[in-house]
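In: Sequence first, predicted coordinates after that:
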Amino acid sequence: MTDERTVGREPVQIVEIKQPLCQNTFGVAPCTATGTADQKCFNTRATCLDTPNFTLGTPLSLFFASGDVAERGVSGAPYIIPSLVSVSTIPTRINIAGANPDAQGLGNRAVCNIVLADHPHTDNRVDRYIGGRTYNPMTRGSFWTKWLARNKYRQNVEIIVYEGYIGQALGAMKKRTYFLQSIDGQNSGGRITIQGKDILARIEERKSQAPVLSPGKLSANITAGATSFSATNCSTSDYPASGTLRIGSECVTYSAIAAISGGVTFSGVTRGTDGTTAATHSQDDQVQQCLRFTNATPDSVINTLLATYGAIPTTWLDTVNWATEVTDYMAAYRLNTLITQPTAVSQLVSEVQENCLCFVWWDERDSLVKFKAVRGIDAPPPLISAELNILANTFSIEEKPRERASQVWIHYGQDDRAGSATEAKNFRYCSIIANLESETDELYGEPSLRKVFARWLSSGALADTVASKISTRYVDIPSECSFQMDAKDRDYWVGDTVSISHHLDVDAYGNRRIRNWTIVSAEEVVPGEIVQYLAEDTTLYGKISFVMAAGSANYPGPALAPFKNFYIGNAAGLLSDGLPCARIT
């Protein structure tokens, strides 16, 4: 079988566009459309003649490749249109817990740019009713001019880029999933460019906010003591049965809502909640629904933000593994906050990452949004080396001085929930860990502060944990490395932790340092041949050990001891062979 390890392999790229398609048949119940054969639709929403009965079914898979690939054929791709000119990509880049000040909180989105040639087309596969039409589609427009007109509603159409080798079936190829963002129309050279992004593009500020903007306005002035009031320009569907509202700079809770002519009435109202003060308000002041999280796990918060407010289907969310990660490594994290005004979902998810020391990213290969705690290793990472894996003259290490943190300030326990979430005055507490020695002239010679405004945290123990982990990781200038590997090693991907052995990474005595690195970006710079990697040094997060059950065997020595086991040391913190024991942190 042809694969990455085959001598003389011939790389190929195939693009699949999953065009939305109506499951109905023109003029057959439940479709009530009528017309001649030449007036029939193309089973797309833009051409539908019976929109009330339009029903999405299985999408139509359109495959594109270069001419020689189309001629040879690929098992699993029944009809390949030979018009693919090129595919270029910009990879996902993780921003671990928001530590990189030069990157967005969620890191960089994965992007693909696909160039296709335009040409006449028979309408084979794209027109279900081609057999009954009286005209010749080859004389009417071109493939893409017709496709664009027939598929007006194409935002977020799924795009899959396959990369494999001649002789491979489609299902055996590596695939990356994107979602259509834009199409640049035909240029003078008869080409179009399609841009796709990863699914997290849906939570950009212009696309999704949490909570949503509420339409209600006060129907009359209210006093600071009013315990019920009415709002106009809204209905009971705009607000839950009970909850929290923001009016001006005041938060109020209510226990009941009832419909009235042109609006609603809120009753059972408690004024001046969540650190705010009861005040008078004027007619037409906005009545904004708030979003509250109470004792919530990080994965449940992110799930709510992405699925409910970001409109990302749960099929794209790896929630089962999220829950396992939280149970195993973040069981103590319980989040409490009140979001009092519409805020970009991307910003809120970024805050959760930073407040809880975790990271979220789109794995375009597995087609899933993944989640991982910032933590030590619980299994030996695979070793990659200059001799066996890393291509010659491609390895480099770069220091990231802007990420160093000699002092970490965690502002937590937001007092005024209606106030700014990025101003210290609105927080009751601050957890500070300072390594003042690192600021002396003998070391770095200056302070470097990292402030975290943690509106999601209300526990001093959690704030101290976050501050301690950041300080441990960033008290010294962190490093990142870049390198390339042959496609035989391309199973390593974003989010993986690896150990690296290279002659450019040595200690003061010239010995190789075997450090642990987390891959934050991966890109096939030569499709099917060479992969470019970027990784961050995460050695200082250490190793995670587990307390064993009573009656477990004593320490058998480093060669036989299971990697995860936690063994008790002596008063000096050493095991029987003089090696350090595990520590509870």
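Out: Now that the structure is in, tell me what you want to look at. Numbers count the residues shown, from 1 in each chain.

In: Can you pull out the low-pLDDT segments for the stretch 201-350 of the chain?
Out: Across the stretch 201-350 of the chain, not a single residue meets the criterion (pLDDT under 70).

In: which residues of it fall in helices?
Out: 298-303, 319-329, 345-356 (DSSP state H, counting those that start in this stretch).

In: Likewise for the stretch 451-585 of the chain?
Out: 460-474.

In: show me where pLDDT drops low in it?
Out: Ranges of the stretch 451-585 of the chain meeting pLDDT under 70: 585.

In: at 80 instead, please
Out: 545-547, 582-585 (pLDDT under 80).

In: what about the strands in it?
Out: 479-486, 497-501, 515-526, 530-537, 546-547, 565-566 (DSSP state E, counting those that start in this stretch).

In: For the nearest residue to Ala172 once chain neighbours are set aside, what are phi and psi?
Out: Nearest non-adjacent residue to Ala172, counting by CB to CB, 6 or more residues apart in numbering: Gly164, 6.4 Å away. All C-beta atoms are positioned from the backbone trio N, CA, C, and that covers glycine. Per-residue torsions, Gly164: phi -150, psi -150 (degrees, to the nearest 10).

In: Quickly list what Gly164 is bridged to.
Out: Val12 (DSSP bridges).

In: So what's the residue count around it?
Out: 25 (other CB atoms under 10 Å).

In: Buried residues in stretch 494-504, which are they?
Out: Val494, Gly495, Thr497, Val498, Ser499, Ile500, Ser501, His502 (16 or more other CB atoms under 10 Å).

In: With stretch 570-585 instead?
Out: Those would be Leu575, Cys581, Ala582, for stretch 570-585 by 16+ other CB under 10 Å.

In: next one: stretch 213-230
Out: For stretch 213-230, using 16+ other CB under 10 Å, the buried residues are Ser214, Pro215, Gly216, Lys217, Leu218, Ser219, Ile222, Ala226, Phe229, Ser230.

In: So which of these belong to strands?
Out: The strands, defined by DSSP state E, take in Lys217, Leu218, Phe229, Ser230 from those.

In: List the contacts of the third one.
Out: In other words, Phe229. Leu218, Ser219, Ala220, Ile222, Thr265, Phe266, Val269 (CB atoms under 8 Å, 6 or more residues apart in numbering).

In: Closest to Arg490 out of those?
Out: Phe266 (57.4 Å; CB to CB).

In: OK, contacts around the nearest residue to that closest one once chain neighbours are set aside?
Out: Leaving aside its sequence neighbours, Phe266 sits nearest to Tyr254 (CB to CB, 6+ apart; 4.3 Å). Residues near Tyr254 by CB under 8 Å, 6+ apart: Ser242, Gly243, Thr244, Leu245, Phe266, Ser267, Gly268, Val269, Thr270.

In: Strands of the stretch 151-300 of the chain, residue ranges please.
Out: Going by DSSP E, counting those that start in this stretch, the stretch 151-300 of the chain shows strands at 158-165, 174-184, 191-197, 209-210, 217-218, 229-232, 243-247, 250-254, 256-260, 263-267, 270-273, 288-289, 291-296.

In: pLDDT averaged over the longest one - what is it?
Out: Just to be clear, that refers to strand 174-184. Strand 174-184 carries an average pLDDT of 94.

In: Flag every buried residue along it.
Out: Lys174, Lys175, Arg176, Thr177, Tyr178, Phe179, Leu180, Gln181, Ile183.

In: and what of stretch 473-493?
Out: Buried residues in stretch 473-493 (16+ other CB under 10 Å): 473-476, 478-481, 483-485, 487, 489-490, 492-493.

In: Touching stretch 498-509 from outside, list them.
Out: Contacts for stretch 498-509 (CB under 8 Å, 6+ apart): 380-386, 390, 395-397, 481, 483, 492, 512-517, 519, 535.

In: ok, 7 Å please
Out: Residues external to stretch 498-509 that are found in contact with it (CB atoms under 7 Å, 6 or more residues apart in numbering): 381-386, 390, 395, 397, 481, 492, 512-517, 519.

In: Give the ChimeraX command for selecting the buried subset of those.
Out: In ChimeraX syntax, the buried subset of those is picked out as below (16+ other CB under 10 Å):
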select :381,384,386,390,395,397,481,492,515,516,517,519
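
In: Bridged to the closest residue to Trp517 other than its chain neighbours, which residues?
Out: Computed as CB to CB, 6+ apart, the closest residue to Trp517 that is not its neighbour in sequence is Ala535, at 3.8 Å. Assessed by DSSP bridges, Ala535 has beta-bridge partners Cys481, Ile519.

In: burial of Ala535, as a residue count?
Out: 26.

In: pretty sure Val115 contacts Ser66?
Out: No. Judged on CB atoms under 7 Å, Val115 makes no contact with Ser66 at a distance of 11.4 Å.

In: How is the residue lying farthest from the centre of the chain assigned, secondary-structure-wise?
Out: Distance to the chain centre peaks in the chain at Thr134, reaching 48.5 Å (criterion: CA atoms, centre = their mean). Secondary structure for Thr134, judged by DSSP: H, G, I helix; E, B strand; the rest coil, is coil.

In: quick one, what contacts it?
Out: Neighbours of Thr134 in contact, by CB under 7 Å, 6+ apart: Ala37, Asp38.

In: hey, what's the residue nearest the centre of the chain bridged with?
Out: For the chain, the residue nearest the mean C-alpha position is Trp361 (3.5 Å; CA atoms, centre = their mean). Beta bridges link Trp361 to Lys370, judged by DSSP bridges.

In: Much appreciated, bye for now.
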